[in-house]
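A.B. asks: Here's a sequence, model it:
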Amino acid sequence: MFPRLSQSVKKVCVHTGNVLNINELKKKPGQNPSEELVESLKITLSDWTPPKLNCTKLEIHSKHEESKTSGPEEKDELKISVKIFVTSGKAAALKEALENLFVALDTKEIDSVVLSYYSNSNMGDKNDQQAILEELWSILEEAVQKGKILRIGVSDVDTEVFMSLYQNSKVKPSIIQINLSTCCVVPPQLQEFTKQNEVQLLTHNDPQEFLPDTALQSVFQPMLEEGETSFRVHWTARFLVHVKCRGVLASKGYIVCAQRALPA
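C.D. replies: The predicted structure follows:
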């Protein structure tokens, strides 16, 4: 049974906690990343108790929230990797995602952050894509310069766009991810460029649109009254915490920030 979500709420950030500890997910092996995220959101929201007072912004935390480390020695033994999926193309969204991650993970330093920017306009003009990407990239550069992030990279960008970003940036991307389901062969030009500039070239299986609005709306719909407007994805972040010496995955989770859609 899902609790009622007040109509006064305009923004919601949902923290799934460590999904490795959610038994319901263990019973559903073989899910792709998006399916796992949707299921973990449903589980988190079904266990949530609404506040007594109405508010415009909510942070909803899972009872499985065990992503925080207990002491400084333990933190030194962990490696934190993050991928942030931004849909608005606005710097404020990426800033908000980073702020939430540092708090949720109780850390002052993240080893690597990969940026994935997707919107319906991604199929448009490359110059527009480049301008948006460079604005978002400046946020990551600032975090690196402050010592908060060690390595930064991008996912699913055109080869020419990536090369231009690399050449124009103050802090060079050291990671690029490509999806082999949409690009069955790594472009030779990209292979050569990454090799020459010591950029780590990785593959992934994340859907291009990691959390579609339709999927998010199916999550929130049971919490809304009939006729109420639902929510749209603002940004999504996935974190992986590994034990360095053993390479063991200690924690994995998601944070999703959604805004209520404007009435049609």
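
A.B. asks: Now do the contacts for residue 102.
C.D. replies: Contacts for residue 102 (CB atoms under 8 Å, 6 or more residues apart in numbering) come out as 108, 110, 148. Every residue, glycine included, has its C-beta placed from N, CA and C.

A.B. asks: And residue 114, by the same measure?
C.D. replies: 81, 82, 83, 84, 152, 153, 154, 155, 175, 177.

A.B. asks: how much space between it and residue 16?
C.D. replies: 19 Å (CB to CB, to the nearest Å).

A.B. asks: that older thread, from the contacts of residue 102, list just the buried residues.
C.D. replies: Buried members of those, scored by 16 or more other CB atoms under 10 Å, are 110, 148.

A.B. asks: Switch the contacts of residue 102 over to a markdown table; also include pLDDT.
C.D. replies: Shown next, in a markdown table, are those (pLDDT from 0 to 100):
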| residue | pLDDT |
| --- | --- |
| 108 | 93 |
| 110 | 97 |
| 148 | 97 |
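
A.B. asks: Which one of the contacts of residue 102 is nearest to residue 9?
C.D. replies: Nearest to residue 9 among these: residue 110, at 28.8 Å, using CB to CB.

A.B. asks: That closest one bridge partners, please.
C.D. replies: Note on residue 110: beta-bridge partners by DSSP bridges are residue 149.

A.B. asks: again with the one 4 residues further on
C.D. replies: When assigned by DSSP bridges, residue 114 has beta-bridge partners residue 83, residue 153.

A.B. asks: Residue 249: neighbouring residues, count only.
C.D. replies: Residue 249 is flanked by 11 other residues according to other CB atoms under 10 Å.

A.B. asks: Let me have the contacts of residue 114 in TSV, extended by pLDDT and neighbour count.
C.D. replies: Shown next, in TSV, are the contacts of residue 114 (pLDDT from 0 to 100; neighbours: other CB atoms under 10 Å):
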residue	pLDDT	neighbour count
81	97	17
82	98	23
83	98	21
84	97	25
152	98	23
153	98	22
154	97	22
155	95	22
175	98	19
177	95	19
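
A.B. asks: who's in contact with residue 193?
C.D. replies: 159, 162, 163, 166, 199.

A.B. asks: So the fourth one, which state does it fall into?
C.D. replies: Reducing the assignment to helix, strand or coil with DSSP: H, G, I helix; E, B strand; the rest coil, the entry for residue 166 is helix.

A.B. asks: Ok, the second one next?
C.D. replies: Using three-state DSSP, the secondary structure recorded for residue 162 is helix.

A.B. asks: Tell me the bridge partners for the closest residue to it other than its chain neighbours.
C.D. replies: Nearest non-adjacent residue to residue 162, counting by CB to CB, 6 or more residues apart in numbering: residue 176, 5.9 Å away. Residue 176 has these beta-bridge partners by DSSP bridges: residue 154, residue 201.

A.B. asks: What residues does residue 176 make contact with?
C.D. replies: Contacts for residue 176 (CB under 8 Å, 6+ apart) come out as 153, 154, 155, 157, 162, 190, 194, 199, 200, 201, 202.

A.B. asks: Residue 245: which of the residues you listed is nearest?
C.D. replies: Checking the contacts of residue 176 against residue 245 with CB to CB, the nearest one is residue 200 at 20.7 Å.
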